[in-house]
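In: could you look at this predicted model? Sequence included:
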Amino acid sequence: MLRADMEGEPAQTELMEIILRESDRLNSIISDFLSYARPRSIIRSRTDVGNLLRETFTLMRHSPEVTDHQKLEEQLPDEPLLAEVDAEQLRQVFWNLTRNALQAMPAAGTLRAEIARTSNGRLRITFSDTGCGMSPEQVERLFEPFSSTTGGSGLGLSIVYQIIRDHGGTINARSREGQGTTIMIELPGENGVESGA
């Protein structure tokens, strides 16, 4: 509404754009802080994890955050990748990891995400970017709260870690400066346990 009132006044319009952008940034920081400080309980349902990733990438491709020089590619098998997960929380994991990867390759690059079922029935989700990478010290502190590598609040990856841990999964990162980063997640399979367990 405020933006509509400013039409025709370039200086005022530019100022309003800055105010709205900063308002969105502050809202994001507060939301991250609340998600980390007071995580909601998990509501599991039988979910196609591949479909969640596909939806996240589709939304992100249409976001103003993505430039023409940034590519998002997903590699998914034809069959559904079912697991007992909280779909909303897993969607947040995918969103946070995607945004981090894009921020790590601001000029250009490719983010590839792959989901596959392991031999013991778990789901392995891999995010690999061609961004600036991280030092060993940054990798070691990656999932600690307030430890930002991209200039954000430093809570996004802590929230990701918390969600994956609460689902009984694991998350690991590999990175080299100038060569990109790979984040690997493993989640229990469709029945919440590995096959043969």
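Out: Thanks, I have the structure now.
In: can you pull out the strands in the protein?
Out: Using DSSP state E, the strands of the chain run over 45-48, 70-75, 82-85, 109-117, 123-129, 170-176, 180-187.
In: pretty sure residue 74 sits against residue 113.
Out: Yes: with contacts counted by C-beta atoms under 8 Å, residue 74 reaches residue 113, the gap being 4.9 Å. C-beta: built from backbone N, CA, C; applies to glycine.
In: which residues do the two both contact?
Out: When C-beta atoms under 8 Å, 6 or more residues apart in numbering defines a contact, the residues bordering residue 74 and residue 113 alike are 53, 57.
In: so which of the strands of the chain is nearest residue 10?
Out: Distances from residue 10 to each of these were compared using C-beta to C-beta; the shortest belongs to strand 70-75, at 29.2 Å.
In: for that closest one, enumerate the helices and strands it packs against.
Out: Judged by 3 or more C-beta pairs under 8 Å, 6 or more residues apart in numbering; DSSP states H and E, strand 70-75 is in contact with helix 49-61, strand 109-117.
In: dump those to JSON lines, plus mean neighbour count.
Out: As requested, the helices and strands packed on strand 70-75 are arranged in JSON lines below (neighbours: other C-beta atoms under 10 Å):
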{"stretch": "helix 49-61", "mean neighbour count": "18"}
{"stretch": "strand 109-117", "mean neighbour count": "19"}
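In: out of these, which gets nearest to residue 181?
Out: Distances from residue 181 to each of those were compared using C-beta to C-beta; the shortest belongs to strand 109-117, at 9.8 Å.
In: quick one: the closest one to helix 49-61, angle?
Out: Inter-element angle recorded for strand 109-117 and helix 49-61: 170 degrees (by axes from the mean of the first three to the mean of the last three C-alpha atoms, to 10 degrees).
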